[in-house]
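sequence unknown, structure follows:
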């Protein structure tokens, strides 16, 4: 009987560990980069369907944020502005100073790649 009990306990732990691994995979999938359409909807102040450097910077740093929020951190703003300046121009394929959905996807990929380095 003791062997059956151990086997049952082992099976229980195996299923529990497998379930945790699946839950972690699902969480990683949920943390994927934001949808370009949603970013435009959230940040496009003039509603032209494209984002400017200023709209992205303001939308990301949250100029109206309260003390202690990530947007109020001056160091973050400086670092983000430097990165955005570099990557915005590389993502602006047609050079018009605006990013459409495709170019925003390029910008997201560039930020993701830069963060992984």
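The structure has been received and is ready for your questions. None of the values given here were measured: they were computed from a predicted structure.

Surely residue 92 touches residue 99?
Yes: here residue 92 reaches residue 99: they are 6.1 Å apart, a contact under Cβ atoms under 8 Å. (Glycine included, C-beta is placed from N, CA and C.)

so where's the chain uncertain?
In the predicted model of the chain, residues 1-33, 63-72, 117 satisfy pLDDT under 70.

One more pass at 90, please.
1-34, 60-76, 111-117 (pLDDT under 90).

where along it do the helices fall?
2-30, 36-43, 53-61, 74-91, 101-116 (DSSP state H).

more crowded one of residue 92 and residue 99?
residue 99 (25 against 17; other Cβ atoms under 10 Å).

My guess is that one contacts residue 90. True?
No: in this structure, residue 99 is not within contact of residue 90 by Cβ under 8 Å, at 10.9 Å.

burial measure for residue 111, as a count.
Neighbour count of residue 111, defined by other Cβ under 10 Å: 17.

Please determine how far the closest residue to it other than its chain neighbours is located from residue 47.
Excluding the flanking residues, the one nearest residue 111 by Cβ to Cβ, 6 or more residues apart in numbering is residue 87, at 6.3 Å. To residue 47, residue 87 is 24 Å away according to Cβ to Cβ, to the nearest Å.
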